[in-house]
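> requesting a structural model of the entry that follows:
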Amino acid sequence: MEKGVTLSFAIEPLKYHPEELSLTPLLSGTPLTELVLSFEREHSFEPAGGYAGLPNWSSYGPLERYFMGESDDEFFAKGCYLLECNCGIVGCWPLLAHIEAKGNLVIWDSFRQPHRPLRDYSEFGPFVFELEPYQ
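Okay, the predicted model is just below:
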């Protein structure tokens with residue numbers, strides 16, 4: 001369990017659509033895309049990586065609610081998309097997680113790649129943030 005992780009975001013161009021921007025979570029300064037790529041390589045997942053931040057043309061609702069694990073959209077009831085495919089198409093190659101606020105903490109856990117349901121991400125995270133700076 002990674003405790004005391006700080007969350008920030010990078011706004012960067014999408015690889016295959018550089019005119020469009022994406023929002024990439026940074027965990028203590030390291031892009032989530034790099035963390036999951038490293039994890040997938042260590043576990044010999046093929047393909048590994050291929051992720052990018054959330055594209056700016058997608059609607060996840062108010063991000064302050066979305067990143068608290070709250071959404072009125074049935075689509076996101078299965079988990080929060082933290083990363084998307086580097087092609088920019090929503091749902092093409094996402095990384096999902098469960099986000100929950102518990103007391104003064106926010107926890108990201110239960111990571112999964114829905115297109116590879118047999119992959120085991122149980123050793124990835126959980127990532128634990130202090131609520132006040134997270135908000």
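
> so Pro47: helix, strand or coil?
Following DSSP: H, G, I helix; E, B strand; the rest coil, the label given to Pro47 is coil.

> low-confidence ranges in this structure?
Applying pLDDT under 70 to the chain flags the ranges 1-3, 71-78.

> okay, now the spatially closest residue to Trp57 that is not a sequence neighbour: neighbour count?
Once flanking residues are discounted, Trp57 sits nearest to Glu20: 6.5 Å by C-beta to C-beta, 6 or more residues apart in numbering. C-beta here means a position set from N, CA and C on the backbone, and glycine is covered the same way. When neighbours are counted by other C-beta atoms under 10 Å, Glu20 registers 12.

> equivalent analysis for Pro55, please.
Pro55: 19 neighbours (other C-beta under 10 Å).

> residues touching it, list them.
Leu14, His17, Glu20, Leu21, Ser22, Glu84, Gly88, Val90 (C-beta atoms under 8 Å, 6 or more residues apart in numbering).

> tell me how far the residue nearest to the last one when sequence neighbours are not counted lies from Glu70.
In this structure, Val90 finds its nearest non-sequential neighbour in Ser58, 4.8 Å apart by C-beta to C-beta, 6+ apart. For Ser58, the distance to Glu70 equals 17 Å [C-beta to C-beta, to the nearest Å].

> Val128 too?
Distance from Val128 to Glu70, by C-beta to C-beta: 18 Å.

> same thing with Tyr134?
Distance from Tyr134 to Glu70, by C-beta to C-beta: 13 Å.

> now do the contacts for the most centrally placed residue in the chain.
Centroid-nearest residue in the chain, with C-alpha atoms, centre = their mean: Leu82, separated by 2.0 Å. Contacts for Leu82 (C-beta under 8 Å, 6+ apart) come out as Pro25, Leu32, Leu54, Pro94, Leu95, Leu96, Ala97, Trp108.

> look up how far Pro62 lies from Asn104.
Remark: distance between Asn104 and Pro62 (C-beta to C-beta) = 22 Å.
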